[in-house]
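Visitor: Any chance you can model this:
(chains A, B, C and D, ligands or ions: 4)
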Amino acid sequence: MQNNNNKIKFLVPLVSVLLGLLIGGIIMLVSDYDPFEAYVALFQGIIGGPYFIGETIRQMSPLILAGLAVAFAFRTGLFNIGVEGQLLVGWLASVYVGVFVDAPAIIHIPLAILAAGVAGALWGAIPGILKAKFKVHEVITTIMMNYIALYSTNEIIRQFMLAPGERTKTIKETASLSSPFLQKITDYSTLHYGIIVALIAAVIMWFILWRTTLGFELRAVGFNQHASQYAGINVSKNIVLSMAISGVFAGIAGSMEGLGTYQYMTINAAFTGVGFDGIAVALLGANSAIGVVLGAALFGGLKIGALNMQSIAGVPTELVGVVIALIIFFVACSYIVHWLMNRVNKGGKI
Amino acid sequence: MEYVIEMRNIRKEFPGIVANDDITLQVKKGEIHALLGENGAGKSTLMNVLFGLYEPEEGEIYVKGNKVVNNDPNIANSLGIGMVHQHFMLVDKFTVTENIILGKEPTKSGKVDLKSAAKEVQALSDQYGLRVDPYAKVEDISVGMQQRVEILKTLYRGAEILIFDEPTAVLTPQEIVELIQIMKKLVSEGKSIILITHKLKEIIEVCDRCTVIRRGKGIGTVDVKDSNPDSLAAMMVGREVNFTVAKGIADPKESVLTIKDLVVLDSRKVPAVNGLNLNIRAGEIVGIAGVDGNGQSELLEAITGLRKISEGSIHLRDSDITNKTPRNVTRTGLAHIPQDRHKHGLVLDFSVGENMVLQTYYEKPFSNNGILKFSPIFEKANKLITEYDVRTPDAHTPARALSGGNQQKAIIAREVDRDPDFLIAAQPTRGLDVGAIEFIHSKLIEQRDKGKAVLLVSFELDEIMNVSDKIAVMYEGRIVAEVDPKQTTEQELGLLMAGGKRGTADAE
Amino acid sequence: MSFMDILALIIPAAIVSAAPLIFTALGGVFSERSGVVNIGLEGLMLFGAFTGAVTIYYCEQLGLGSASPWISFAAAMVVGALLASIHALASITLKADQVISGVALNFLAAGLAIFLTKKIFHAGQTPVISERISKSDIPYLSDIPFIGKLFFSNAYATSYVAVLFAVIVWYVLYKTPFGLRLRSVGEHPMAADTMGIKVPKMRYIGVLLSGAFAGLGGAVYVASISGNFTHSTITGQGFMALAAMIFGKWHPLGALGAALFFGLAQAISISGSHIPFLEDIPKVFLLIAPYVLTILALAGLVGRADAPKALGTPYEKGKR
Amino acid sequence: GNSDDGKSSSGDNKDFKVAMVTDTGGVDDKSFNQSAWEGLTKYGKDNKLEEGKDFKYLQSTQQSDYKPNLNSLVRQKYNLVFGIGFLMGSDVETVAKQQPDAKLAIVDMVVKGDNVANITFSEHEGSFLVGLVAGLQTKSNKVGFVGGVNSELIKKFENGFKAGVKTANPNAEIMVQYAEDFNKAEKGQQIANTFYEQGADIIYHAAGGTGMGVFTEAKNRAKNGQKVWVIGVDRDQHEEGMPENVTLTSMVKRVDKAVYEVSEQTAKGKFPGGKVVEFGLKQDGVGIAPTTDNVSKDALAKVDEYKKKIIDGEVKVPKTDDEYKDFLANLK
Ligand SMILES: Nc1ncnc2c1ncn2[C@@H]1O[C@H](COP(=O)(O)OP(=O)(O)OP(=O)(O)O)[C@@H](O)[C@H]1O
Ligand SMILES: Nc1ncnc2c1ncn2[C@@H]1O[C@H](COP(=O)(O)OP(=O)(O)OP(=O)(O)O)[C@@H](O)[C@H]1O
Ligand SMILES: [Mg+2]
Ligand SMILES: [Mg+2]
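Guide: Ligands and ions are numbered 1, 2, ... in the order given. All right, here's what the predicted structure looks like:
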């Protein structure tokens, strides 16, 4: 049974991706694009050469962290649609430290990332507290907090940090995650050290959930609050904690943009969308740490590849959105596969 | 002779298990037919097949002599088969009437005609003496009434054959008496009944014939009048079972739990426990007898720290545990077998192993400054699983997949193993088969003999009378009498539980 | 500006911007009352907006004149339902995780709508429509002193339809056999099943209706507010509708109230800088006011909203 | 490809390849992206270049796409790559730094780098002209300005407009509000609603999709017989005003022209790297829309008069709030 489940764990996403691409190809055919040219370009754009690999990895970092944020909250039975907002405040905090603090890189970078984490934690804790104390549904509060974050960060930039080009000043070198070395070996992609931060975060998430008493409590609360309470677990505390930690991941995702990809923060006319992509990534990854990393690779890869697909084969990038959606659908429908496997299984056993 | 129901060679499989293996069941018109078997034997499954919820892999079903294919409750209903499920099938947020008419609603110009529906319900409930309040919300009514609603549902659909799956497991003695009346009335009206119960006394009392199944296989059908509890039990378990709990006389020592003038409000903010005094000593089992809803649950929640205490005090040995957090209380030396095993007792989606350390995961050796240590955890789990004979594939199986009986064993293993000074056992044997019950009772007594104080709360009078050394009768939030089980009778207890005064023993 | 003028400014504005939310939130009520989570409202609304814009445009070409928007509403409802059927298939028949399937729906709708727009119009947005729902005073009612000016003057017909629908949905859900069955399926599907109610069928209906209503919400947004469809026409309104539905405790009239509340808060924040006692407040505070107010309202008065019991759990016969 | 038989066109740009990166709007945003692409297309056609090969565009779906898109064009050896919109500024700057022998151009922004041509527009001058029209044609002496997101760029529109209004009509009242959003039509509509309720009869919007709401509100009122106007932005938005015909005029910004000219210069080997190429009234880079049906005679006269004055430098149009203050002071 066990190894069978593992088999399925890998089989389902694989089949899903293939089916998604297949249907995407059909859509291209009927809307007279050349699927083969398109997909060649797509994969070129994901792994075709150091530059593209660099871009794909770069794209992954914030997605991994956003995905971890969503997944972590899910584990405690909370739906954090607020990653977007937590990401924005984290982005701002990291840039603030990056611009206004003077310190050697060894201190400056961790400090900026920490700031992002703290900001995200606070932003996430608010819905947590509201849920724990007033039983307010976190889905509403997190949505509202997104808008509050968007408008507040813009205003703060405008008031205190404005530089030409509707953005903050660029952060100091000492706070930057970008690496001439990485850029050189990936001939001038925007790859930066953020990916390392993201991967560490993934390990931490896994560790907290599965190796610590805290994780034990969080999961228990996620499954059955009554039993947790009976077992002396402080449910309210864990709800707040879960949202706060989720917020830390989201905030650090923001620092990926602030210290890595952009090196500054722009006045955002709309949401970045990374927060919402995070939901998809988490769900693709079945809310597990490794899953999220793989999900981010798939998601980020496709999004980056789409640019090349547009550039070479002239297929609108939106089509990749469709393909991604289809893949998610098929992953979600893994029930069929499981069911089939069970049938097979049972035949074998009895 | 023709049967109203005939199930021939039914086979039903679930992933990994054969729940029903070539079972045959024949029910005569106008009889009450008992279905007996251990937890997980396959009773509910068989009945769900008959009711069209499950489709059998093999076998045939005949109703009134005609072969039927019913793979849908609709068909079952139309065939006059009705089922009162083990776990009630009621929508809490709906009113009694809405629940009864659901799916077969009388309408007036497209609108549900609740008025006439309520009338109809009232009529039915009068006809069979099934007291219900048609307009009450199900979430607000007693378990007993909920069950009466379930019965009315089947009657409203004109059921001729009624299936009761463990109806008495959740009832108080009074309610059980009523239910038995009702069942007798139903058969006298020409209806036929299949009754699942683990209580052999009831079978002897009301049933005409009894079919026994063990581990999914049919063992046979016997006439109840020429059989007795012991023979039935033996038939079910496959070995001799002795009921009268073997226990020596208790020698109580210093007092462990002391409750003074306790007042606790229920969720509607009215006092459910109202000036209660109770004292439990080491080495004795105090049984609380009382009709459901006289403050038992609130009392337990107050002791365990799950509910706020508004007045009075509780001491465990010499430490004050009034309004302490659950974690605090348990650490002071309390263990608690909760009455709702699925809601409080277990995290059903956790593995059996994780559930085994639900109370101790944060302590050494199971964790070390915040980091879980899995080898000790699963060592412990496996030890308990064998020691308490919890039937599970392994310690990694989710608790959900265990039968209620085994789930209960797991909880008891966890709680008793912590070796506390004071053990609370609430409805510890509800819904369990005699084998499991026997096991659990012996464990409780073992604790007593180890010099622990045990508080037993149960609606099963004979459980109270067999296991306790002292019976405290609870009525309207207070202990109205403390009696010696050896010097009292069910009648007397019943009277006290109903609030009646008593001549002999002294109230408080 | 007199207090009356302020009200006359804010209340109609509130009603206007609330309408699309009301429709979409009502859709959410149908789906979630039947036990199926619908995060896909955003996507459904978006695709409804797309359908609406396209239909109106072609109806205009066909010279259907002022009927065009109304035809587009019907079209949007049909298309919305069709799109929702994917969510239904996945989450009901294939027992998919309802949240995942809903999220996927959002990506699908967004991608497909823009892709098609580009295919059809070779442009990032649909042409601007000229046949739109336009504001007007309700005859007679608008003459009622005080109330008339606030509630029945320069508002869209669709706004009143929205309110009317909320009442109808309430009636259907709470007074008819269908409603009773739909809700029972969302509360305790197995119970419903034992009462001979087809759980999947009811849930399909719930989800398809949610698609139809969300689609309508999107189309109304186009026909009454944006006037065309672009990649940024629907950005977050669907999620606001989701919030409105929860805020309204999964109750049609609750959702109506919540949507109006949002609208009102929005209107105040926008007109705030012209309201005497608000004009000195820093702009940003007015900007975030609607969202802060909502949170406060929830924390303060409304409190716990309990979802349908079986919400989010796929139903399998005999699974406990 | 037919670029080889392009002898007719000046020989030196036979193998000249030029491309642009749009922001998230896309080449058909009915705004500056579209305008830029029109310019590029015209240049391509005029020089018999092959679309998708010798000249093309890449669309960005999110901010983080800008740099990859710019990069991929540069590495596809396009001789000149445009970044459309100030949001791309710093990305253009970095790519330019990383690829010293690439030629890039940025629109609406000035960045460092000798291999970057900076294209800016004097939106304030164009806005000044439509301001004059508004000032003269308002009946209620109240006009409004709706901005998208409050920013340096949009401020140029606002202040130019205000200056124009005041010049033509010193005692006109001007209401200003920013939606803080470029694509919330309902916000645009409510702001317009508020303005019109307050008695304004002309609103100038520089708010992209949010502006659609302004048109909606104006059309609603026009339908109910109220005479209100909208002034469009970036391109001739006459169509948006139909059928109720509420578009008074529009401030057009000829990104197409700029793109065309910079391409041509570069092809001719006169790449304005490191320079700022300003497209104002003088260069015909901004102005009022060709459709002038709704603009009164004397308004048009005023427009021409001031157009001349501005070109001759007699009038200096304010960009920022401070400059506007001074401007007002000098008016009196
Ligand atoms: N839904 C299900 N999925 C998987 N296995 C099941 C399911 N229902 C029952 N089983 C298996 O079938 C066996 C018989 O279950 P059943 O409910 O009939 O037992 P039972 O006789 O009703 O027990 P009890 O007396 O505790 O009610 C169980 O041991 C269980 O393992
Ligand atoms: N979803 C399920 N998956 C696996 N087994 C199940 C499931 N539901 C029920 N069962 C099995 O069905 C059998 C009977 O279930 P049931 O709940 O009737 O047990 P029980 O002992 O009667 O518990 P209860 O105290 O609830 O009556 C148990 O063995 C249980 O393991
Ligand atoms: Mg059973
Ligand atoms: Mg049982």
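Visitor: quick one: low-confidence parts of the chain?
Guide: With no chain named, the answer covers chain A. Low-confidence segments of chain A (pLDDT under 70): A:1-9, A:335-350.
Visitor: oops, I was thinking of chain D
Guide: Counting by pLDDT under 70, the ranges of chain D that qualify are D:1-14, D:332.
Visitor: Can you name the residues of it that neighbour chain A?
Guide: Counting by CB under 8 Å from any CB of the partner chain, chain D comes close to chain A at D:52, D:56, D:58-65, D:67-69, D:71-73, D:75-76, D:86-87, D:89-90, D:95, D:98-99, D:109-110, D:148-153, D:180-183. (C-beta placed from N, C-alpha, C; glycine too.)
Visitor: Among these, which lie within strands?
Guide: D:56, D:58 (DSSP state E).
Visitor: Only whichever of the residues of chain D next to chain A are buried, select them in PyMOL.
Guide: The PyMOL selection below is limited to those of these classed as buried (16 or more other CB atoms under 10 Å in any protein chain shown):
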select buried, chain D and resi 56+58+59+60+61+63+64+65+67+68+69+71+72+73+86+87+89+90+95+98+99+109+110+148+149+150+151+153+180+181+182+183
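Visitor: For the chain, which segments are assigned as strands?
Guide: I went with chain A, as the question did not name one. A:162-163, A:167-168.
Visitor: Can you look at chain D instead?
Guide: With DSSP E as the criterion, chain D has strands at D:18-21, D:55-58, D:80-83, D:104-107, D:116-121, D:142-147, D:173-178, D:202-206, D:229-234, D:247-253, D:276-279, D:286-288.
Visitor: Would you mind giving those strands as CSV with distance to ligand 4 added?
Guide: Output for these, formatted as CSV (distance: least, CB to the ion, whole Å):
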stretch, distance to ligand 4
strand D:18-21, 68
strand D:55-58, 66
strand D:80-83, 71
strand D:104-107, 74
strand D:116-121, 78
strand D:142-147, 69
strand D:173-178, 66
strand D:202-206, 70
strand D:229-234, 73
strand D:247-253, 76
strand D:276-279, 83
strand D:286-288, 82
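Visitor: would you turn those strands into TSV with distance to residue C:52?
Guide: Formatted as TSV, those follow (distance: least, CB to CB, whole Å):
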stretch	distance to residue C:52
strand D:18-21	32
strand D:55-58	29
strand D:80-83	35
strand D:104-107	34
strand D:116-121	35
strand D:142-147	25
strand D:173-178	28
strand D:202-206	23
strand D:229-234	23
strand D:247-253	23
strand D:276-279	38
strand D:286-288	33
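Visitor: and the residue lying closest to residue D:260 once chain neighbours are set aside, how many neighbours?
Guide: Distance criterion CB to CB, 6 or more residues apart in numbering or on different chains; nearest residue to residue D:260, sequence neighbours excluded, is residue D:39 at 4.4 Å. The local packing of residue D:39 (other CB atoms under 10 Å in any protein chain shown) involves 22 other residues.
Visitor: Equivalent analysis for the one 4 residues further on, please.
Guide: Neighbour count for residue D:43, taken as other CB under 10 Å: 22.
Visitor: just residue B:190 next, same as before
Guide: 9.
Visitor: so it sits right up against residue B:30, yeah?
Guide: Yes - at 5.9 Å, residue B:190 counts as touching residue B:30 under the criterion of CB atoms under 8 Å.
Visitor: and chain B, which of its residues are near ligand 3?
Guide: Within chain B, the positions near ligand 3 by CB under 5 Å from the ion are B:44, B:86.
Visitor: Ligand 2 contacts on chain B?
Guide: Chain B comes close to ligand 2 at residues B:39-40, B:44, B:86, B:400-405, B:431, as judged by CB under 6 Å from any ligand atom.
Visitor: Most neighbours out of these, which is it?
Guide: Going by other CB under 10 Å, residue B:44 tops the residues of chain B next to ligand 2 with 25 neighbours.
Visitor: host element of it?
Guide: Element membership of residue B:44, judged by DSSP states H and E, is helix B:43-50.
Visitor: Can you give me every residue that contacts residue 298?
Guide: Since no chain was named, I'll use chain A. A:13, A:17, A:284, A:327 (CB atoms under 8 Å, 6 or more residues apart in numbering or on different chains).
Visitor: I was after chain D.
Guide: residue D:136.
Visitor: Try it again at 6 Å.
Guide: Contacts for residue D:298 (CB atoms under 6 Å, 6 or more residues apart in numbering or on different chains) come out as none.
Visitor: One more: residue C:217?
Guide: By CB under 6 Å, 6+ apart, the contact set of residue C:217 is C:20, C:23-24, C:45.
Visitor: got those residues as CSV, with neighbour count and distance to chain D columns?
Guide: What follows is these, written out as CSV (neighbours: other CB atoms under 10 Å in any protein chain shown; distance: CB to the nearest CB, whole Å):
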residue, neighbour count, distance to chain D
C:20, 35, 8
C:23, 33, 14
C:24, 38, 14
C:45, 37, 13
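Visitor: could you dump those residues to a markdown table with pLDDT?
Guide: Below are those laid out as a markdown table (pLDDT from 0 to 100):
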| residue | pLDDT |
| --- | --- |
| C:20 | 93 |
| C:23 | 96 |
| C:24 | 96 |
| C:45 | 96 |
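Visitor: Can you pull up the residues of chain D that come close to chain C?
Guide: Counting by CB under 6 Å from any CB of the partner chain, chain D comes close to chain C at D:26, D:28-29, D:180, D:183, D:185-186, D:189-191, D:193-194, D:197, D:209, D:212, D:216, D:220, D:223, D:240, D:242-243.
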